[in-house]
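# Let me see the structure of the following:
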Amino acid sequence: MNSSNLEVDLALRHEAERIRKKHPDKVPVIVVSVSDGPVLDKTKYLVPKCFTCGQLTHVFRKRSENTSPTAALFVLFDDRIPPASATVGELLKIHGDAQTGVLRCTVTHENVYGS
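Numbers count the residues shown, from 1 in each chain. Sure, this is the predicted structure:
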């Protein structure tokens, strides 16, 4: 890891620690969109631990600028689709970054009704 990546990681760690102290019942979520995927208006979210993956997907769909109503939206954690009933707190324990306490996900979409 080069020094610039180390500085970014250290800054993220401090920011996440500050957020966790201020909001202990919420999880910082960083969203990465694939190159041809949906465009979200934000990449960082502060989500309650009791939010389900289905609710999180709904939030991402509402914030997406280029996802058509006929497209399926997929939220992936470590390249896996979790159950819609899994809470963000559970996902943090399984897929979260242990050093920073941040949950990272990838958002993609697929047209399900043809073109």
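# Below-threshold pLDDT in the chain: ranges please.
Segments of the chain classed as low confidence (criterion: pLDDT under 70) are 1-8, 114-115.
# Identify the residues contacting the residue nearest to L76 when sequence neighbours are not counted.
With sequence-adjacent residues excluded and distances taken as C-beta to C-beta, 6 or more residues apart in numbering, L76 is closest to T106, at 4.5 Å. C-beta: built from backbone N, CA, C; applies to glycine. Counting by C-beta atoms under 8 Å, 6 or more residues apart in numbering, T106 makes contact with 31-34, 37, 75-77, 79.
# so where does T106 fall, helix or strand?
According to DSSP states H and E, T106 maps onto strand 103-111.
# again, but for F60
Going by DSSP H and E, F60 is in helix 53-63.
# Name the next helix or strand following the helix of greatest length in the chain along the chain.
Counting residues, the longest helix found in the chain (DSSP state H) is helix 3-22. Of the helices and strands lying after helix 3-22 in sequence (DSSP H and E), the nearest is strand 26-33.
# So what are the sheet partners of that following strand and their directions?
Using DSSP bridges, the strands paired with strand 26-33 in its sheet are strand 44-48 (antiparallel), strand 103-111 (parallel).
# In a markdown table, list these along with distance to L92.
Shown next, in a markdown table, are these (distance: least, C-beta to C-beta, whole Å):
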| stretch | distance to L92 |
| --- | --- |
| strand 44-48 | 10 |
| strand 103-111 | 5 |
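# With P69 as the reference, name the closest of the ones you listed.
strand 103-111 (10.7 Å; C-beta to C-beta).
# The closest one versus helix 53-63: what angle between them?
Strand 103-111 runs at 70 degrees relative to helix 53-63, counting by axes from the mean of the first three to the mean of the last three C-alpha atoms, to 10 degrees.
# Might you quantify the distance of strand 103-111 from its chain's geometric centre?
Distance of strand 103-111 from the chain centroid (C-alpha atoms, centre = their mean, to the nearest Å) equals 8 Å.
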